[in-house]
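[1] turn this into a structure:
(one chain, ligands or ions: 1)
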Amino acid sequence: MSHLVTDLLVSVRDLREYAIAVAAGVTIIDFKEPDHGPLAAVDAAIWQQSASAAGRSPNAGDLSAKPPLMSAALGEAVDYVDTIDLLPRQFHFAKIGPSGIVCPEELKRIWLDARQRLSQSTGGGGAELVAVAYADHDAAGCLPPEAIFQLAADLGFHRCLIDTFHKDGASTLDHVSRARLGQLSKISRRASMRWMIAGSIRIEMVDSLETPTIEPDGYAVRGDVCEAGRTAGLSPSRLAAWVEKVASLRPVETRQ
Ligand SMILES: O=C[C@H](O)COP(=O)(O)O
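    Predicted structure coming up:
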């Protein structure tokens, strides 16, 4: 049984979108540039600006208000070394795409290297690395989600995300059966690892995922909170609908 609320992660590309997501009450705000791929980093200057803005947020002095957690996409396995050392210490999470990595030992090496760099670049206790799997793993040239979730569990990750590599409208549910999502959930629960689902997830899909065998610990969205597709601007009304939907989930005591 889980005692934690369901997370909502929303991807933003700049400070303006960050402010909109904060105002909407999003719990995890994730910086990524949607024009450049599934997990493309934004410019490091935007990381810096948002880290400063987080400190100045109107809620910063209100101890009863919980500020959003900040996350950053660092690119794919071939990209992260160019960006990771620039991540400000205010960030809570970092993600690296596993595309092109077919060998578990190589993915493990990258994850361990990234974890070490994150702790060094932020002076210790830095951003937590979130493991990422791609639902369309053949197209991404990487290990299948089950293998990545299991490897993350074996390495003591606290969080794992499934997303799609291609942003072509097909969702994670088009690539991965519900039985397989149940398997990912089982791997995660056995390891006390929280898992999130992303990949063109639409709000009307949520109810069908809230089953005892799947029931993700969080939803990560971009396209469905935009005005017209994931590269368009955020829609405050769509964000509000998602915040309300996720807040309505799990009467905590009924979750198994
Ligand atoms: O991390 C989450 C992704 O940004 C999800 O984006 P999407 O909903 O457009 O697939």
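[2] check the secondary structure at the residue lying closest to Leu173 once chain neighbours are set aside for me.
    Leaving aside its sequence neighbours, Leu173 sits nearest to Met205 (Cβ to Cβ, 6 or more residues apart in numbering; 6.4 Å). Quick note: C-beta positions are derived from backbone N, CA and C, even for glycine. Secondary structure assignment for Met205 (DSSP: H, G, I helix; E, B strand; the rest coil): helix.
[3] count of neighbours near Met205?
    Using other Cβ atoms under 10 Å, the number of residues around Met205 comes to 16.
[4] so it touches Arg178, yeah?
    No: with contact defined as Cβ atoms under 8 Å, Met205 does not reach Arg178; the gap is 10.9 Å.
[5] quick one: Leu151 and Lys108 touch, right?
    Yes: counting by Cβ under 8 Å, Leu151 does reach Lys108; the two are 6.5 Å apart.
[6] neighbour count winner among the two?
    Taking Leu151 and Lys108 together and counting by other Cβ under 10 Å, Leu151 has the greater number of neighbours (21 against 15).
[7] now find how far off-centre the helix or strand hosting that one is within its chain.
    Using DSSP states H and E, Leu151 sits within helix 145-154. How far helix 145-154 lies from its chain's middle: 16 Å, per Cα atoms, centre = their mean, to the nearest Å.
[8] which element follows that helix toward the C-terminus?
    Next along the chain after helix 145-154, taking DSSP H and E as the criterion, comes strand 159-163.
[9] sheet partners, orientation included, of that next one?
    Here strand 159-163 has these sheet partners by DSSP bridges: strand 128-134 (parallel), strand 194-197 (parallel).
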